[in-house]
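Colleague: Sequence and predicted structure are below.
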Amino acid sequence: MAKLESKIPAGPLEQKWTKHKAESRLVNPANKRKYEIIVVGAGLAGSSAAATLAELGYRVKCFVFHDSPRRAHSIAAQGGINAAKNYQNDGDSVYRLFYDTIKGGDFRSREANVHRLAEVSVNIIDQCVAQGVPFAREYGGLLANRSFGGAQVSRTFYARGQTGQQLLLGAYSALSRMIGLGGVQMFTHSEMLDLVVVNGHAKGIIVRDLLTGEISRHAADAVVLGTGGYGNVFDLSTYARNSNATAIWRAYKRGACFANPCFTQIHPTCIPVTGDYQSKLTLMSESLRNDGRIWVPKSREDGRKNPNEIPEDARDYYLERMYPAFGNLAPRDISSRAAKKVCDEGRGVGESGLGVYLDFSDAIKRLGENTVRERYGNLFDIYHEITDENAYQVPMRIFPAVHYTMGGLWVDYNLMSNVPGLYVLGEANFSDHGANRLGASALMQGLADGYFVLPYTIGDYLATQKPAARPKTDAAEFQQAENNVRGIVTRLLGTKGKQPVSHFHKRLGKILWNGCGMARNAAALKKALAEIPALREEFWQNVNVPGDGGTLNQSLERAGRVGDFLELAELLCLDALERDESCGCHFREEHVDAEGECLRNDEQFAHAAAWEYQGEGRAPLLNKEPLVYETVHMAKRNYK
C-alpha cells in the first residue's frame, strides 16, 4: 500500500505557506548547477517551471511533443485568470478566493493547497504584467476585471477572449530567454513514453522522437510532469486533439497514485455536437456569461422556431430562475446539469434538441454592439466561423461538453507524488479543485505551481540527494523501461488489424459519455466497466496502425495514447462507482436531495481516492487521504 503523506505544515492556515518556505531545506547556489531536472510539458505549468528553475541555476531539460511550446493547449484558455487583488473594491480577499474555490469544489479539495493558491494568485498578475502580457485595461489605464462562475466579485483578469494564449506567450518568452542563456535544453517533437524509477525514486524518462522514431534515455535528479489533463479519454471534448494522458498514465504504472479520476468537468458553454464526423468540440468562454443570458423556450413547440420570434414571456431564463443569487454565473457543474435537465424535458433548441440559447440582445441594447465586440469579438468570430451564424443578431446555441479534469496524479503539499523525486503540476495533478473547478482557476493553478510553488519546494527534496549522483542511463532500470516502450511500439505496429485507431476512440467516448458523463448511476457504471475491457481486448487484436516506427507516424502516436485511454477509462469508471455519493461534477443519480442537487456523504467520502497500480490484470488498490478541514466548515453548497 502506498504511503500518502500530505506534508501539510502545522499552524494557522494563513501562515502555513510562509512557515513552510522558511523551514524547507535549501540548495547551495553553487550546487544548483550540479543538479539536472527534467520538465515534461511546456504549457503554462511546464514553461513557467522550466524557466524559473533555470533562473535559479538548475540545469533543465524540457520535453514537449509539439514543434514549439507555443502550441501547448494552454493557448485555448479564453476567459481569464483569477487573482485576489480586489482592484474593484467589491469585497474580494485572499480568504474569499480561497473559500469560493473550496466551496466550488464541493469540499473535496485539500484546504491548505487551496489557500496557498489564493495567496500566490496576487503575485501572478504582477509577474505577467512585468512580462508584457496585454491584460485588458479600463479607460484610465488600470487593469480591468470581470466576473466568472461561482463568485460574486469581479476578480478575473483577461486579455479579451485569448487570455491563455497571451499568458503562454509570456511564459514562453521567459523560457526562450533561458534557452538562449543555456539554462534550458529544449526537446521538441519528443514524447515521454515511460518513467524510470531507480531505488524507488524518479530518476529519468524514456522519450520517442516523433520525427525520426528514435527512442532515447534521459537521466535527472528529479522529474516534473506538467502534461495537462486527460479529458480526451471521452474522445469528443474541448481539448486539442493531441492532448493525452500517456505521461501521467505511464507514471501511474510505475507507482504514482492516481487520485480522483472520476472528477471530470463538463463545461456548460460549448458549441453543440452537429454530427458523427466531428473530431472535437469548441469552447465558448465562460466570460460570455457575464453579459449573455441563457434561456430555452417555455414550450416544447417553440424549440425549432427562430429565437428572435419567441416573445419574452415565452422564454425561460432557467439559471436566473433556479439560482437567483448567481444567475447565469452559477458554477459549471450546476449550470451543465441545468442545461441537461431542460433538454431532457424536450425544451432544447437546434436540430438535435441538445442546445440552449446564450443571448446577447440585452447586453447590446445596454452597452452597444461596439462594447460587446471589444470584450468578446474573437469569440463571436470563432462562433461565426463554425456555425455560420451571427451571434450579434441571433442567440448563440450552446451545450455542455467535457472540458477539464480535476483528478490527476496524487501530490503532497510540495507537489511531489508518492514516488520521491516525481513532481506533478497544473491539471496533471489533483490537488486544488476538488470535485469541480471554478472558471479562470486553471491558468491560476498552472502559473502558481510553475512560478511560485515548485521553485521553493523542489529544493527540499534535492537537498537530500547528492549533487550529480543521478544514475547513468546504462543502468538496468533504464534498459527495462526502454524495452517496455519498444515492446508497446512493436505490438501496436504488429497487430495488423482492420480498424483505425479513431474507430476505437470514438466507441470508447460513447461508452464513457453514456456511462460516466454528466449523470451517473451504479447500473450504467457497471455496464461501462463490462464494455471497456472488451473494447480494449478488441483494440489490441484488431487495431490497424499503418507505416513503421522509424519515421513520423501520427497513427502510431495516437494508437499509444488511445491504448492508455482504454486503461484509464476503466479506472475512471471504477472510481465513480466506488464514490457512492454526489459531489460537484460527480453526480450520482442515487444521491440527490429534495431540490435535485448533489447529496454528499461527508462521513464516508471526505477523502481523496488515490488508486495504486497493482500490475497487469489485477485490480488497483484504493488508498484514501482524509480531507481534514481546520478552518472551513463543510456545508451544503448553496448558489440560490
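Modeller: Perfect, I can see it now.
Colleague: And the strands in the stretch 201-350 of the chain, which stretches?
Modeller: For the stretch 201-350 of the chain, applying DSSP state E, counting those that start in this stretch gives strands covering 201-209, 215-219, 222-225, 258-259, 264-270, 293-297, 315-316.
Colleague: got a markdown table for these, with distance to Gln127, mean neighbour count and mean pLDDT too?
Modeller: Where you see a C-beta, it was placed from the backbone N, CA and C, and this is true even at glycine. As requested, these are exported to a markdown table (distance: least, CB to CB, whole Å; neighbours: other CB atoms under 10 Å; pLDDT from 0 to 100):
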| stretch | distance to Gln127 | mean neighbour count | mean pLDDT |
| --- | --- | --- | --- |
| strand 201-209 | 28 | 24 | 98 |
| strand 215-219 | 29 | 19 | 98 |
| strand 222-225 | 19 | 30 | 98 |
| strand 258-259 | 28 | 28 | 98 |
| strand 264-270 | 26 | 27 | 97 |
| strand 293-297 | 35 | 24 | 98 |
| strand 315-316 | 44 | 18 | 98 |
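Colleague: Now for Thr238, how many residues are close by?
Modeller: 23 (other CB atoms under 10 Å).
Colleague: which residue packs closest to it, ignoring adjacent ones?
Modeller: Spatial nearest neighbour of Thr238, chain neighbours left out: Leu283 (4.3 Å); criterion: CB to CB, 6 or more residues apart in numbering.
Colleague: Contacts for stretch 454-462 next, please.
Modeller: Residues outside stretch 454-462 that contact it (CB atoms under 8 Å, 6 or more residues apart in numbering): 21, 24-27, 35, 37, 49, 52-53, 56, 221-222, 224, 413-416, 420-421, 423, 425.
Colleague: Convert the C-alpha atoms of stretch 104-121 to PDB, please.
Modeller: Output of stretch 104-121 as PDB, limited to C-alpha atoms (Å, rounded to 0.1, in the frame of the first residue of the first chain):
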ATOM      1  CA  GLY A 104     -16.900  25.500  -5.800                       C
ATOM      2  CA  GLY A 105     -15.100  22.100  -5.500                       C
ATOM      3  CA  ASP A 106     -17.900  20.900  -3.200                       C
ATOM      4  CA  PHE A 107     -15.500  20.500  -0.300                       C
ATOM      5  CA  ARG A 108     -13.400  17.800  -1.900                       C
ATOM      6  CA  SER A 109     -10.100  19.600  -2.200                       C
ATOM      7  CA  ARG A 110      -7.200  19.900   0.200                       C
ATOM      8  CA  GLU A 111      -7.700  23.100   2.300                       C
ATOM      9  CA  ALA A 112      -4.000  24.100   2.700                       C
ATOM     10  CA  ASN A 113      -3.200  23.800  -1.000                       C
ATOM     11  CA  VAL A 114      -6.200  25.900  -2.000                       C
ATOM     12  CA  HIS A 115      -5.300  28.700   0.500                       C
ATOM     13  CA  ARG A 116      -1.800  28.800  -0.900                       C
ATOM     14  CA  LEU A 117      -3.200  29.100  -4.400                       C
ATOM     15  CA  ALA A 118      -5.200  32.100  -3.400                       C
ATOM     16  CA  GLU A 119      -2.200  33.600  -1.600                       C
ATOM     17  CA  VAL A 120       0.100  33.400  -4.600                       C
ATOM     18  CA  SER A 121      -2.600  34.500  -7.100                       C
END
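Colleague: what is the mean pLDDT for it?
Modeller: Averaged over stretch 104-121, pLDDT sits at 98.
Colleague: related to what we said a few turns ago, any chance of the strands of the stretch 201-350 of the chain in CSV, plus distance to Ala463?
Modeller: Output for the strands of the stretch 201-350 of the chain, formatted as CSV (distance: least, CB to CB, whole Å):
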stretch, distance to Ala463
strand 201-209, 14
strand 215-219, 19
strand 222-225, 11
strand 258-259, 26
strand 264-270, 37
strand 293-297, 52
strand 315-316, 60
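Colleague: among the ones you listed, which is nearest Ala619?
Modeller: Proximity to Ala619, assessed across the strands of the stretch 201-350 of the chain by CB to CB, is greatest for strand 258-259 (13.6 Å).
Colleague: same for the closest one, what does it pack against?
Modeller: Using 3 or more CB pairs under 8 Å, 6 or more residues apart in numbering; DSSP states H and E, the elements in contact with strand 258-259 are strand 408-409, strand 607-612.
Colleague: ok, so what distance separates the residue nearest to Val402 when sequence neighbours are not counted from Met518?
Modeller: With CB to CB, 6+ apart as the criterion, Val402 has its nearest non-adjacent residue at 3.8 Å, and that residue is Ser237. From Ser237 across to Met518, the span is 13 Å (CB to CB, to the nearest Å).
Colleague: Which residue of these two possesses the greater neighbour count?
Modeller: Using other CB under 10 Å, the more surrounded residue of Ser237 and Met518 is Ser237, with 27 against 18.
Colleague: got the contact list for Pro467?
Modeller: Neighbouring residues of Pro467 by CB under 8 Å, 6+ apart: Asn31, Lys34, Tyr35.
Colleague: Please give the element, helix or strand, for it.
Modeller: Assessed by DSSP states H and E, Pro467 sits outside every helix and strand.
Colleague: I'd like the distance between it and Tyr158.
Modeller: In this view, Pro467 and Tyr158 are 43 Å apart by CB to CB.
Colleague: same thing with Glu345?
Modeller: Going from Glu345 to Tyr158 by CB to CB gives 34 Å.
Colleague: how many neighbours does the closest residue to Val197 other than its chain neighbours have?
Modeller: Nearest residue to Val197, sequence neighbours excluded (CB to CB, 6+ apart): Arg254, at 5.1 Å. A total of 19 residues lie near Arg254 under the criterion other CB under 10 Å.
Colleague: Might one say that Arg254 is in contact with Met192?
Modeller: No. In this structure, Arg254 is not within contact of Met192 by CB atoms under 8 Å, at 11.5 Å.
Colleague: quick one, helices of the stretch 351-500 of the chain?
Modeller: For the stretch 351-500 of the chain, the helices defined by DSSP state H, counting those that start in this stretch cover 361-367, 369-387, 442-447, 454-462, 476-494.
Colleague: quick check: domain ranges of this protein?
Modeller: 268-403, 476-605 (automatic domain parsing).
Colleague: Any idea which of those gets closest to Asn113?
Modeller: Among the domains of the chain, domain 476-605 comes nearest to Asn113, with 16.3 Å by CB to CB.
Colleague: rewinding a little: for the contacts of Pro467, could you give me JSON lines that also reports secondary structure and pLDDT?
Modeller: Shown next, in JSON lines, are the contacts of Pro467 (DSSP: H, G, I helix; E, B strand; the rest coil; pLDDT from 0 to 100):
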{"residue": "Asn31", "secondary structure": "helix", "pLDDT": "95"}
{"residue": "Lys34", "secondary structure": "coil", "pLDDT": "96"}
{"residue": "Tyr35", "secondary structure": "coil", "pLDDT": "97"}
